[in-house]
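*Asks:* what follows is a predicted protein model with its sequence.
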Amino acid sequence: MNTSTPSVTVPATDRATAALADWLIRDLTALLLEQAGLPDPQRLRRLPTITAAHIGKPSKLRRHVRALEQVLGQVDRHLHASTSPPGLGAQSVPAVPNEIFDVAADVAGTVADYGSPAAALANRTVLIAAAVISDGWGMIEASESWSNTAQSYCAFITRLWRDEPQAQVLVDPG
């Protein structure tokens with residue numbers, strides 16, 4: 001498994017921030033919830049696409065915040081109700097590449113600077129779902145989740161290159 005997932009840097013525009021936040025909330029978070037067997041990934045996929053207007057006026061992200069708060073509540077209740085791991089055995093590989101955790105944390109901080117906790121809530125959900133998968137409680141093995149999340153990120157980078165030509169991809173050779 002290649003551990004050098006490319007990291008993307010984008011110009012600090014509302015459009016680029018919106019694209020990153022949308023991917024984090026509607027794609028990555030939903031994907032990890034699904035892979036972890038946690039509720040309700042479809043709720044996040046049904047949210048409206050995040051646009052630059054949402055970033056420029058964070059009150060427009062209230063629907064996203066409410067959905068993420070409800071999902072986190074469901075996840076918490078689900079985890080407290082579980083008496084034993086329903087999935088696979090403990091895994092020795094991470095469920096998500098570290099670079100993706102870094103991107104998620106960066107997006108969470110950026111969106112929080114604009115005045116909305118939406119991406120921070122998504123980041124928290126990603127961390128919980130990844131832990132569930134890594135601990136062997138997920139619906140798939142951690143190595144498969146690692147591949148799926150890396151693939152999601154690479155697909156996002158491809159779209160971003162097309163839509164935001166100033167984006168740069170940096171690969172850590174180390």
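*Replies:* Everything's here; your move. The model shown is predicted, which means the values in this text are computed figures rather than measured ones.
*Asks:* now the strands for the chain?
*Replies:* For the chain, the strands defined by DSSP state E occupy 7-9, 168-170.
*Asks:* show me where this protein has helices.
*Replies:* For the chain, the helices defined by DSSP state H cover 14-22, 30-36, 41-45, 52-56, 62-81, 98-114, 118-134, 142-163.
*Asks:* in the last one, what's buried?
*Replies:* Buried positions in helix 142-163, judged by neighbour count with 16 or more other CB atoms under 10 Å: 142, 144-146, 148-150, 152-153, 156-157, 160. Yep, even glycine has a C-beta here, placed from its N, CA and C like the rest.
*Asks:* helices or strands next to it in the packing?
*Replies:* Using 3 or more CB pairs under 8 Å, 6 or more residues apart in numbering; DSSP states H and E as the contact test, the elements touching helix 142-163 are strand 7-9, helix 14-22, helix 30-36, helix 98-114, helix 118-134.
*Asks:* go again using 10 Å as the cut-off
*Replies:* Packing partners of helix 142-163 (3 or more CB pairs under 10 Å, 6 or more residues apart in numbering; DSSP states H and E): strand 7-9, helix 14-22, helix 30-36, helix 98-114, helix 118-134, strand 168-170.
*Asks:* pLDDT added to the buried residues of helix 142-163, as a markdown table?
*Replies:* Converted to a markdown table, the buried residues of helix 142-163 look like this (pLDDT from 0 to 100):
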| residue | pLDDT |
| --- | --- |
| Ala142 | 94 |
| Glu144 | 96 |
| Ser145 | 97 |
| Trp146 | 96 |
| Asn148 | 97 |
| Thr149 | 97 |
| Ala150 | 94 |
| Ser152 | 96 |
| Tyr153 | 92 |
| Phe156 | 90 |
| Ile157 | 83 |
| Leu160 | 82 |
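*Asks:* of these, closest to Thr125?
*Replies:* Nearest to Thr125 among these, counting by CB to CB, is Thr149 at 13.2 Å.
*Asks:* quick one: that closest one from Ala131, how far?
*Replies:* 14 Å (CB to CB, to the nearest Å).
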